[in-house]
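Participant: Compute the structure for the input listed below.
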Amino acid sequence: MALRLLPPSLRCAFVRTAVRTTALTTGALLCLTGTAAGAEPSPPERRPSYSSTLLDRPGTQVRPGVGAPALPGEVSALSWVVADARTGEVLAARDAHRRLPPASTLKALFALAALPRLHPDARHRVTEADLARVGGGSSLVGVAAGRSYRVADLWRGVFLSSGNDAVHVLTAMNGGMDRTLRQMRAKARALGARDTRVVSPDGYDAPGQVSSAYDLAVFGRAGLADPQFARYCSTALASFPAGGWSYPIRNTNRLLTGAGGVARYPGLIGVKNGYTSRAGSTLIAAAHRGAQTLVVTVMNPQNGGLETVYEEARLLLDWGFEAMGRVRPVGSLLPARPRTAPDQARPAGTGALVPPPGSGGSDWLAIVLGGTGAAVLLAGCAVIARRRAAPAARRPGLAVLGAGGEPLGGDAAERRSSQPRSGRQ
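Facilitator: Here you go, the predicted structure:
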């Protein structure tokens, strides 16, 4: 019996129960239609050939295939990650979850949390209290108490000059330090970043403040999906207001500007660099080449000077573009799927699906989706199901989840466009 031959109430109960009792990710929802009996059923979604647990292991993780280039041996960073920004697949990594001070790369998480909440054209007159908690020796863009600034100008100060003064003013506009820190922590959790501990929104050295190359790659990838973030972080040069005049500010990411004896990297998008005496040099770098986009993170190179973090990022970007399609992923930047314990797979009252009596058990194929134990039963391409428990209240419609690429991240519903710019420390 085909699904379309069932009574409408039974059809709705089947689809609604399958959606509700199954932890579905993109592509995991099968399109159940009234296809003629005897048609070839679609195969279940192919699971990835990697496990992100590889990234929990110490040392360098890479799975080379035929023709894969060797990893550059000159990279001295304590931790690094190379990932495909489109799919989130990690191509190679070293100590990806090692917790280290992030310096100003943490401003990427600050932007992810606060950008959607502050309209770019809003203005704010800065007070002394807004700047009271800026740490000594911080990088500054030149925000002055008593002057009025547009939010968009302050974001350019964050991304280009890595201005801790601009971060603290935006934090005040966002409801204060405690609220902003809560938002940053919640955003990190939502993105699947498990190593980050936020103490100060600007990345200034603070006891207990850490992140990882993995988490920074997650933040960089999410930022690229936000048009405001992407425009700010890719801007090389802008003007910053100073009362009745303005002065030029330049992005401190040397791969973007070609400053300090570092050659510009072709196709570089951004994202954010950082430096403190405790963290050393840190960098989130993203670049595109043709249809490919990579995100690379580098934390605390042990050799050379301030330019080393850029040169090591260059080596990893070059390797990544050459290795695309020639290495097997070692993990993913996407949040892990929620798992359900076996004894929780079919709790009472959830309406687990079973074949109806007399349906011909030998013709049934049970496919478990998402590890929840909710069985989708197919007869050829025909589907018959019924509920054990009393049906829930009927709903007039059904939201269908279409198969496609995972979103890169960001709060699209809250985004507002503005003229963008980019950043440092």
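Participant: what about residue 293, distance to residue 224?
Facilitator: 7 Å (CB to CB, to the nearest Å). No exception for glycine: its C-beta is placed from N, CA and C like everyone else's.
Participant: no, scratch that, I was asking about residue 274
Facilitator: Using CB to CB, residue 274 is found at 18 Å from residue 224.
Participant: The two: which has the busier surroundings?
Facilitator: The neighbour comparison of residue 274 against residue 224 (other CB atoms under 10 Å) goes to residue 274, with 29 against 24.
Participant: Was I right to think the more buried one contacts residue 139?
Facilitator: No - Residue 274 is beyond contact range of residue 139, at 9.1 Å (criterion: CB atoms under 8 Å).
Participant: just checking, what's the longest helix in the protein?
Facilitator: The single longest helix within the chain, with elements called by DSSP state H, is helix 308-323.
Participant: which parts of that one are buried?
Facilitator: 308-321, 323 (16 or more other CB atoms under 10 Å).
Participant: Run through the neighbouring helices and strands of it.
Facilitator: With contacts taken as 3 or more CB pairs under 8 Å, 6 or more residues apart in numbering; DSSP states H and E, helix 308-323 sits against strand 79-84, strand 89-94, helix 254-257, strand 280-289, strand 292-299.
Participant: Now render these as TSV, adding distance to residue 151 and mean neighbour count.
Facilitator: As requested, the helices and strands packed on helix 308-323 are arranged in TSV below (distance: least, CB to CB, whole Å; neighbours: other CB atoms under 10 Å):
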stretch	distance to residue 151	mean neighbour count
strand 79-84	30	27
strand 89-94	34	24
helix 254-257	23	24
strand 280-289	22	24
strand 292-299	26	27
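Participant: and of those, who's closest to residue 146?
Facilitator: Each of these has some distance to residue 146 by CB to CB; the shortest is helix 254-257, at 31.1 Å.
Participant: Quick check: next helix or strand after that closest one?
Facilitator: Going down the chain from helix 254-257, the next helix or strand is strand 268-276, by DSSP states H and E.
Participant: Which elements pack onto that next one?
Facilitator: helix 107-114, helix 213-224, helix 227-233, helix 254-257, strand 280-289.
Participant: nearest to residue 143, of those?
Facilitator: Residue 143 lies closest, by CB to CB, to one member of the helices and strands packed on strand 268-276: helix 107-114, at 14.8 Å.
Participant: Any idea how many residues pack against the residue nearest to residue 155 when sequence neighbours are not counted?
Facilitator: Nearest non-adjacent residue to residue 155, counting by CB to CB, 6 or more residues apart in numbering: residue 232, 5.4 Å away. The number of residues packed near residue 232 is 30, by other CB under 10 Å.
Participant: Counting neighbours, which bits of stretch 128-136 end up buried?
Facilitator: For stretch 128-136, using 16+ other CB under 10 Å, the buried residues are 130-131, 134.
Participant: from those, which single one is nearest residue 97?
Facilitator: Ranked by distance to residue 97 (CB to CB), the buried residues of stretch 128-136 are led by residue 134 at 30.6 Å.
Participant: any idea how far the closest one lies from residue 145?
Facilitator: 11 Å.
Participant: cool, and residue 174?
Facilitator: For residue 174, the distance to residue 145 (CB to CB) stands at 18 Å.
Participant: who's more crowded, these two?
Facilitator: Ranked by neighbour count (other CB under 10 Å), residue 174 and residue 145 place residue 174 first, with 19 against 14.
Participant: I'd say the more buried one and residue 116 touch.
Facilitator: No - between residue 174 and residue 116 there is no contact under CB under 8 Å: 10.4 Å.
Participant: And stretch 186-200, what's buried?
Facilitator: 187-188, 191-193, 195-196, 198, 200.
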